[in-house]
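> Generate coordinates for the sequence data below:
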Amino acid sequence: MEQNNNEKVGPGKFVAFTYRLLNAENGELLFEAKKEAPDTMVYGLTQEIIPGLQNVMKDLKIQDKFSVTLPPEVAFGHRVDENVITLPLSTFERDGKVAEEVKVGAMLPMLTEDGYTVTGTVTEMGPEEVTMDFNHPFAGMTVTFDGEIQDVRDATPEELQPKHGCGCHGHGHDGCGCGDGRCCACGEDKDCGCHGDKDADACSCGDNCKC
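Presented below is the predicted three-dimensional model:
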């Protein structure tokens, strides 16, 4: 599809954009969305995009650059102690054995009661319990997005159908999870405590933590 360089970012527009995500306090590169795999959104409709990031792109055109620094409360949130939960080791068993991917540092998909996928990081493993952290990996950070608009066009009817989720994997860190790589904030009302579901690809979840 031929690009129209006069199109502006606004409601109902499909937007592709690249960016570097930095820890604003020390300049550490947290993630980079490159031209070969840009992030995308439908402006005003995609729920997982951080509002402060979306707002800075309004009225921009293709090849326009943007930069915004966001504190935790409008970026990836503050760390919440209640988002760290302990689960029975049996929750992660398959055919009577703990799945091999369950290990300290692993980021595992879990399913909420509502069917949303969230992702937690295994922080500790004991003989009978596993501790998981459902805070976003960038929670508590003030972050800077430096980016550029790659494409702006009218969204297709299919793209205008909203997709729901509870935050996103994003940035190679599999944060709190919808799994499409978008930069996002986690909702505050979703519960993600877990119960065992040995036959599922991800654990089914109850109400023991917030994500």
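
> CA only for contacts and neighbour counts going forward, please
Noted.

> tell me which helix or strand of the protein sits lowest on mean pLDDT?
Least confident helix or strand, the chain: strand 191-195 with a mean of 35, by mean pLDDT, DSSP states H and E.

> so where do the strands sit in the protein?
For the chain, the strands defined by DSSP state E cover 13-23, 29-33, 39-42, 65-70, 84-88, 93-94, 97-98, 107-111, 117-125, 129-133, 143-154, 191-195, 203-210.

> Confidence-wise, which of the ones you listed is weakest overall?
For the strands of the chain, mean pLDDT drops lowest on strand 191-195, to a mean of 35.

> In CSV: the strands of the chain, plus distance to Glu48 and mean neighbour count.
Formatted as CSV, these follow (distance: least, C-alpha to C-alpha, whole Å; neighbours: other C-alpha atoms under 10 Å):
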stretch, distance to Glu48, mean neighbour count
strand 13-23, 14, 21
strand 29-33, 16, 17
strand 39-42, 9, 23
strand 65-70, 16, 16
strand 84-88, 22, 19
strand 93-94, 31, 16
strand 97-98, 32, 13
strand 107-111, 17, 24
strand 117-125, 13, 23
strand 129-133, 20, 21
strand 143-154, 16, 22
strand 191-195, 17, 24
strand 203-210, 17, 20
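
> Dump those strands to a markdown table, plus distance to Leu160.
Conversion of the strands of the chain to a markdown table gives the following (distance: least, C-alpha to C-alpha, whole Å):
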| stretch | distance to Leu160 |
| --- | --- |
| strand 13-23 | 9 |
| strand 29-33 | 23 |
| strand 39-42 | 7 |
| strand 65-70 | 25 |
| strand 84-88 | 35 |
| strand 93-94 | 39 |
| strand 97-98 | 41 |
| strand 107-111 | 25 |
| strand 117-125 | 21 |
| strand 129-133 | 33 |
| strand 143-154 | 10 |
| strand 191-195 | 27 |
| strand 203-210 | 29 |
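
> Let me know the pLDDT of Leu89.
Note on Leu89: pLDDT of 91.

> now do Glu113
Taking Glu113 on its own, its pLDDT is 76.

> Kindly tell me how buried it is, as a neighbour count.
17 (other C-alpha atoms under 10 Å).

> same deal with Gln161?
A count of nearby residues for Gln161, using other C-alpha under 10 Å, gives 12.

> Tell me how far it lies from Lys97.
Taking C-alpha to C-alpha, to the nearest Å as the measure, Gln161 falls 40 Å from Lys97.

> so who does the residue nearest to Glu159 when sequence neighbours are not counted touch?
The shortest distance from Glu159 to any non-neighbouring residue, by C-alpha to C-alpha, 6 or more residues apart in numbering, is to Val42 (7.1 Å). By C-alpha atoms under 8 Å, 6 or more residues apart in numbering, Val42 lies in contact with 11-15, 155, 159-160.
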